[in-house]
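# fold the stuff below for me.
(2 chains, ligands or ions: 2)
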Amino acid sequence: MNIILKIAWRNVWRNPRRSLVLISSIAVGVFGYMGTTAFSRGFLNQMVDSTIDLGGGHITISARGFHENPNINLFIAEPQRTESVLRQTPGIRTAPLVSLSGMVNSSETAAGAIINGIDPEHEPGITVISRSIAEGRYLGAAPARPEIVVGVELAKKLNVTLGEKIVLMISDLDNNISSGAYRICGLYQVSSKEFEKVNVYISMPEAQKLAGYGSAITACNIRLEDPEKVLDIAHSFSTALEGEPLEVLTWRDRNKLLEMAIATYDYSLLLTLIILFTAIAFSIANAFLMVIYERIQEFGIMMANGVLPRKIRGMLYTETFFITLLGLAMGFVASFTVFGYWSVAGLDLSNFASGLSTFGVGTTIYPAFVTYDIVLAIVVINIIVLASVLYPSIKASRFEVVDAIRFV
Amino acid sequence: MNTVELSRVTKIYQDKNKIPVKAVDGVDLEIQAGEFTAIAGPSGSGKTTLLNIIGGLDKPTSGGVQVGGQDLTALSRDKLAEFRLNTLGFIFQAYNLIPVLTAEENAEFMLLLQGVSAQERHTRVKQEFAELGIAAELMHRRPNELSGGQQQRVAVARALVSHPQLILADEPTANLDSKTGSVLLDKMKEMNEKKGVTFIFSTHDPMVMQRARRLITLKDGKIVEDVNHR
Ligand SMILES: Nc1ncnc2c1ncn2[C@@H]1O[C@H](COP(=O)(O)OP(=O)(O)OP(=O)(O)O)[C@@H](O)[C@H]1O
Ligand SMILES: [Mg+2]
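Ligands and ions are numbered 1, 2, ... in the order given. The predicted structure follows:
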């Protein structure tokens, strides 16, 4: 082994307590950083999941302008053309949707609602509603009488239970009030209470009848087997449907706020990391200033025996590098153990943050590790720590050899 | 051929009260390759300062310093380090060793920097330790586990194994008993005679002065006597 490396390594263990303090401070910083980012990533992931799972899959094709302004007059008049394009695309699941804004009335009270007319056979391939039934059952394929699935929260609000009837009311294509009575066959429960309060599910023919749509639909929802391909596939749809009065939106387009949060997250993470470790860097710089005064004598001996000043610098950088590596290792082991456990078991924050369900993520957070975050930490922490010993190291290599030797 | 040429070398230090101290005062000195020279003189007479200047560890306030044909006052810090690595061996008055390295590693330090093979390093260090009476069980001890005299001998071994042209030794026998000191001097003399290595000592030790072929006496930074016993 290179002699300078050897000296650097042994110097780490020369004053084990001081080194351990430095190593632990880096480890604690890493742990804090990893905790922050793992929870944030988990939170963002869960928001993405809920946008996809509740909001209509990865891609939605609807009449142009519908997303901006959900209006009964914006519909896909001839869904056959869109469906034939979709049929040619492998690796996707699709389901049609009729989406109407209206009112839901119980005998006691009324509330605004988004009425989702779905195809019970294909819809389970898109959203999680069919798998989120808390009571009763999902919509049947060909029910004898009109039935409806509502959220647990809405049922509470309307003060209705399973088996009771509620009335849906909308203003139809001709601006006439159109209404229908539906028996509640199931109650669903999802991560977002806000969602439960407004979204109700009936069969698509019922919804088409209510709106006076005939065979028209509002949208085609698409879920991909490989979510990474979302942009490519969305692009191919846009190209294939060129000229039609349609819009092809990905989940990112549907949730611009989330898209922005994800896009800016990397920068805010970098900022957090820099602030955290700049504070730690000062204590490291201070420790190394002490170190060099303790060791002036031996720097002198080394230089007198022909060690180049830059090797003295290199030796101190190496020592710092070893300390940083040990700190990183310790911090990552602790992070992977603690947050790794929660990433599987989930951390239930319901006692602290009931408001979380507003974001549609539920009250249990599953922290997530992202390679980028780990690499960023390794690179940035090394840079900051090495920068912090720049001044002490340069100072060490500038000592006049005689002064260094006489210094006792 | 002159290995060392000092012309009107003066070194003035400022003490804490900014009063100038003339540690070396207008010294002219020529030392030829292969000499075995001792510099004597009372404490504070400038012996260490003079050796440091010859070794390029210290710069004179004025005057010229040529060692091995190089003008040391004109060399950069890096070039001086290289010069020391390849032509010099240094033995200081005290505190010679690198604390985190074992006796063996300290002794082979310059060989490591010079890129000498492991085999060769081991042979040279082992032989040198044997000749200097450093017991094999001391090889793997660190300096703080060695006596002052043992440390001093390891430092001597380090200077000798690197086969320099010029060895500067600042009171090499100061921490040694007279028997060990005598062995050490015999060893150095042998190197001087067989390999032509130039030695310059500073010393208070009559034993060193006796064996030196040339004895230079300093007083208040000036050469007051220069005797050649050839
Ligand atoms: N860095 C320094 N600052 C101020 N004065 C110094 C410095 N180094 C040496 N001196 C002074 O220069 C003079 C010569 O010192 P030097 O160490 O060369 O003496 P020496 O002959 O080696 O003495 P000794 O036999 O005690 O080792 C002394 O008066 C000393 O106090
Ligand atoms: Mg001295």
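
# contacts for the helix or strand harbouring residue A:238 next, please.
If you go by DSSP states H and E, residue A:238 is part of helix A:230-240. Defining contact as C-beta atoms under 8 Å, 6 or more residues apart in numbering or on different chains, one finds that helix A:230-240 is touched by A:58-59, A:61, A:85-86, A:89, A:92, A:222, A:224, A:248-252. Heads up, the C-betas are built off the backbone N, CA and C, glycines and all.

# buried residues of it, list them for me.
Buried positions in helix A:230-240, judged by neighbour count with 16 or more other C-beta atoms under 10 Å in any protein chain shown: A:230, A:233-234, A:237, A:240.

# got TSV for these, with pLDDT too?
Converted to TSV, the buried residues of helix A:230-240 look like this (pLDDT from 0 to 100):
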residue	pLDDT
A:230	91
A:233	91
A:234	92
A:237	90
A:240	87
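
# residue B:49: which of the residues you listed is nearest?
Using C-beta to C-beta, residue A:230 is the member of the buried residues of helix A:230-240 that sits closest to residue B:49, with 77.2 Å.

# tell me the SS of the closest residue to residue A:378 other than its chain neighbours?
Once flanking residues are discounted, residue A:378 sits nearest to residue A:328: 6.2 Å by C-beta to C-beta, 6 or more residues apart in numbering or on different chains. Per DSSP: H, G, I helix; E, B strand; the rest coil, the local secondary structure of residue A:328 is helix.

# what's the answer for residue A:181, then?
Residue A:181 carries the three-state label strand when classified by three-state DSSP.

# and it, how many neighbours does it have?
Counted with other C-beta atoms under 10 Å in any protein chain shown, the neighbours of residue A:181 add up to 12.

# check contacts around it.
Residues near residue A:181 by C-beta under 8 Å, 6+ apart: A:146, A:165-167.

# any stretches of the chain with poor pLDDT?
No chain was given, so I picked chain A. Applying pLDDT under 70 to chain A picks out residues A:1, A:351-361, A:407-408.

# please go with chain B instead
Residue ranges of chain B with pLDDT under 70: B:1, B:95, B:230.

# ok, the residue nearest the centre of it - contacts?
Geometric centre of chain B, nearest residue: residue B:168, 2.0 Å, by C-alpha atoms, centre = their mean. Residue B:168 is in contact with B:51, B:54-55, B:88-91, B:200, counting by C-beta under 8 Å, 6+ apart.

# ok, of those residues, which one's closest to chain A?
Distance ranking of the contacts of residue B:168 against chain A, using C-beta to the nearest C-beta, places residue B:90 first at 5.0 Å.

# the closest one and residue B:110, how far apart?
Counting by C-beta to C-beta, to the nearest Å, the separation of residue B:90 from residue B:110 is 9 Å.

# show me what the helix or strand containing residue A:42 is packed against.
According to DSSP H and E, residue A:42 maps onto helix A:16-55. Counting contacts by 3 or more C-beta pairs under 8 Å, 6 or more residues apart in numbering or on different chains; DSSP states H and E, helix A:16-55 is packed against helix A:251-254, helix A:256-304, helix A:309-345, strand A:364-365, helix A:371-388.

# give me the buried positions along that helix.
A:19-20, A:22-23, A:25-31, A:33-55.

# cool, stretch A:134-152 as well?
Quick answer for stretch A:134-152 (16+ other C-beta under 10 Å): A:136, A:138-139, A:146-152.

# in JSON lines, list those residues along with secondary structure.
Formatted as JSON lines, those follow (three-state DSSP):
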{"residue": "A:136", "secondary structure": "strand"}
{"residue": "A:138", "secondary structure": "coil"}
{"residue": "A:139", "secondary structure": "coil"}
{"residue": "A:146", "secondary structure": "coil"}
{"residue": "A:147", "secondary structure": "strand"}
{"residue": "A:148", "secondary structure": "strand"}
{"residue": "A:149", "secondary structure": "strand"}
{"residue": "A:150", "secondary structure": "strand"}
{"residue": "A:151", "secondary structure": "strand"}
{"residue": "A:152", "secondary structure": "helix"}
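
# show me which of the residues you listed neighbour chain B.
Among these, not one lies near chain B by C-beta under 8 Å from any C-beta of the partner chain.

# just flag the most distant two among these.
Longest distance between any two of these is 20.7 Å, between A:146 and A:152; criterion C-beta to C-beta.

# give me the residue from chain A nearest ligand 1.
residue A:406 (5.6 Å; C-beta to the nearest ligand atom).

# any idea how far that residue lies from residue B:50?
For residue A:406, the distance to residue B:50 - C-beta to C-beta - is 15 Å.

# what about those two, which has more around it?
The neighbour comparison of residue A:406 against residue B:50 (other C-beta under 10 Å) goes to residue B:50, with 29 against 16.

# and the gap between the more buried one and chain A?
Residue B:50 sits 12 Å away from chain A, going by C-beta to the nearest C-beta, to the nearest Å.

# helix or strand right after the helix or strand that contains that residue?
Assigned by DSSP H and E, residue B:50 belongs to helix B:47-54. Of the helices and strands lying after helix B:47-54 in sequence (DSSP H and E), the nearest is strand B:62-67.

# so what are the sheet partners of the next helix or strand after that following strand and their directions?
Following strand B:62-67 in sequence order, the next helix or strand is strand B:70-71 (DSSP H and E). Paired neighbours of strand B:70-71 in the sheet (DSSP bridges): strand B:62-67 (antiparallel).

# between the partner strand and helix B:47-54, how big is the angle?
Relative orientation of strand B:62-67 versus helix B:47-54 (axes from the mean of the first three to the mean of the last three C-alpha atoms, to 10 degrees): 70 degrees.

# buried set for strand B:62-67?
B:63, B:65-67.

# same thing with stretch B:146-164?
B:146, B:149-162, B:164.

# are it and chain A in contact anywhere?
Yes - part of stretch B:146-164 sits near chain A under the criterion C-beta under 8 Å from any C-beta, namely residue B:158.

# run through the residues that contact the residue nearest to residue B:215 when sequence neighbours are not counted.
Distance criterion C-beta to C-beta, 6+ apart; nearest residue to residue B:215, sequence neighbours excluded, is residue B:227 at 4.9 Å. Counting by C-beta under 8 Å, 6+ apart, residue B:227 makes contact with B:214-216.

# what is the nearest of those to chain A?
Of all the contacts of residue B:227, chain A sits closest to residue B:216, with 20.7 Å by C-beta to the nearest C-beta.

# go ahead and confirm that closest one touches residue B:229.
No - contact criterion C-beta atoms under 8 Å: residue B:216 and residue B:229 do not qualify, at 11.9 Å.

# more neighbours, those two?
Neighbours were counted for residue B:216 and for residue B:229 using other C-beta under 10 Å; residue B:216 has more, 23 against 11.

# do whichever strand or helix holds residue B:105 and chain A meet?
Residue B:105 belongs to helix B:103-107 when elements are defined using DSSP H and E. Yes - using C-beta under 8 Å from any C-beta, helix B:103-107 reaches chain A at residue B:105.

# who does that helix touch, helix- and strand-wise?
For helix B:103-107, the packing partners by 3+ C-beta pairs under 8 Å, 6+ apart come out as helix B:118-131, helix B:148-161.

# could the ones you listed go into TSV alongside distance to residue A:109?
As requested, the helices and strands packed on helix B:103-107 are exported to TSV (distance: least, C-beta to C-beta, whole Å):
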stretch	distance to residue A:109
helix B:118-131	89
helix B:148-161	94
